[in-house]
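Engineer: Here's a sequence, model it:
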Amino acid sequence: MATSQQSRPLTVLQITDTHLHAGADARLRGIDTARTLDAVLEHAQADRRWPPDAILATGDIVHDDGLAAYERFGTMLAAFGLPVLCVPGNHDDSGLMAEVLDAAPFTVGGVVRLAEWSFVLLDTTIAGEEGGRLGAERLAALDADLSGETGRHVMICMHHQPIPMGSAWLDGGRVEDGDEFFEVVDAHANVRCVVWGHVHQASDRLRGQIRLLSTPSTCMQFRPNRAFFALDDRPPGMRWFRLDPDGGIDTAVEWVGS
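Structural biologist: I've put the predicted structure just below:
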């Protein structure tokens, strides 16, 4: 468990679904995903909030190229010298990802403490499948992690959405045991928000006192509220957080070119 104590607001930059390839000529639906990630990071560096206290990467870091693509991600992000908190997505190889990104400034999984906040980095992946599931063992581990963070504000970070997004084709791949997930979450009053990627779109909802947030991809976006797959015309995006010592959250999505 990584820890940093400092009583002040935290700034966190979330990026997600970078879908990197190893080769410079590789494209995803015609998109150079390394170039769009570069554009997102350049946009972030020009923001008054830069540098953040941490960068959060919520899965699908690579698309299908394994080792070299993870090394590419590592090279791109390590240059900033900032903590990078990572969870795997359905396109990731979680074991290989942990092996390549196994040293500072990267953390893959576990719990990271920064100031008064704890970041629970949750693996929702099922090997060889698109959709997400936690299962009894991960749910028990989550319950134990949350119990260990009593008195601290908690952000749960994951890849798959734990709630329906309103798109039939996409919601078939949400966390299968989302109800059981929320049973665990509801037992811990210090959980302030749940954030995820996977859906390639922005959303901001409230469940009781807990913020539920999805973040757009650094490459392409999915059109919301569609029965079948459709791409949106939104540009690459990211999400900024300001996390206050009293548990308050100020967050906004930024789009490249805006």
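
Engineer: Only C-alpha atoms from now on, for both contacts and neighbour counts.
Structural biologist: Noted.

Engineer: Could you check how far A46 is from L37?
Structural biologist: According to Cα to Cα, to the nearest Å, A46 stands 14 Å off from L37.

Engineer: So for these two, which residue has more residues nearby?
Structural biologist: Using other Cα atoms under 10 Å as the criterion, A46 and L37 rank with L37 on top: 25 against 10.

Engineer: for that one, phi and psi?
Structural biologist: Here the main-chain torsion angles of L37 (degrees, to the nearest 10) amount to phi -60, psi -40.

Engineer: I'd say it and P235 touch.
Structural biologist: No - when contacts are counted by Cα atoms under 8 Å, L37 is not listed as touching P235 (11.4 Å).

Engineer: Which residues are in contact with each of the two?
Structural biologist: C219 (Cα atoms under 8 Å, 6 or more residues apart in numbering).

Engineer: in the protein, what secondary structure element scores lowest on mean pLDDT?
Structural biologist: strand 2-4 (a mean of 52; mean pLDDT, DSSP states H and E).

Engineer: Which residues are in contact with the residue nearest in space to the middle of the chain?
Structural biologist: Centroid-nearest residue in the chain: T58, 2.2 Å away (criterion: Cα atoms, centre = their mean). Residues near T58 by Cα under 8 Å, 6+ apart: 14-17, 86-89, 157-159, 196-197.

Engineer: before we move on, what about P224?
Structural biologist: M165, G166, S167, Q201, D232.

Engineer: Number of residues surrounding H19?
Structural biologist: Residues lying near H19 (other Cα under 10 Å) number 27.

Engineer: Kindly apply the preceding question to D47 instead.
Structural biologist: D47, neighbours per other Cα under 10 Å, totals 11.

Engineer: For E130, which non-adjacent residue is closest in space?
Structural biologist: Counting by Cα to Cα, 6 or more residues apart in numbering, N90 is the residue found nearest to E130 once chain neighbours are left out, at 5.4 Å.

Engineer: I'd like the distance between the one you found and D53.
Structural biologist: Taking Cα to Cα as the criterion, N90 is separated from D53 by 27 Å.

Engineer: between these two, which one's more packed in?
Structural biologist: For the pair N90 and D53, the greater number of neighbours falls to N90 (25 against 18), based on other Cα under 10 Å.

Engineer: Now that that one has come up, it's in contact with T125, right?
Structural biologist: Yes - N90 is in contact with T125 according to Cα under 8 Å; the separation is 5.6 Å.

Engineer: Can you work out which residues contact both of those two?
Structural biologist: Common neighbours of N90 and T125 (criterion: Cα under 8 Å, 6+ apart): G131, G132.

Engineer: So which residues of the chain form strands?
Structural biologist: All strands of the chain, identified by DSSP state E, fall at 2-4, 10-15, 54-58, 84-87, 106-108, 110-114, 117-121, 153-157, 191-196, 203-207, 210-214, 237-243, 249-255.

Engineer: Now do the third one and strand 153-157, the angle between them.
Structural biologist: Right, the one you point to is strand 54-58. Put simply, strand 54-58 runs at 40 degrees to strand 153-157, going by axes from the mean of the first three to the mean of the last three Cα atoms, to 10 degrees.

Engineer: thinking again about what came up before, in CSV, list the contacts of P224 along with pLDDT.
Structural biologist: Shown next, in CSV, are the contacts of P224 (pLDDT from 0 to 100):
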residue, pLDDT
M165, 96
G166, 94
S167, 95
Q201, 97
D232, 91
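
Engineer: who wins for neighbours among the residues you listed?
Structural biologist: Neighbour counts for the contacts of P224 (other Cα under 10 Å) peak at Q201, which has 22 neighbours.

Engineer: give the contact list for that residue.
Structural biologist: Taking Cα under 8 Å, 6+ apart, one finds S214, T215, P216, S217, Q221, F222, R223, P224 in contact with Q201.
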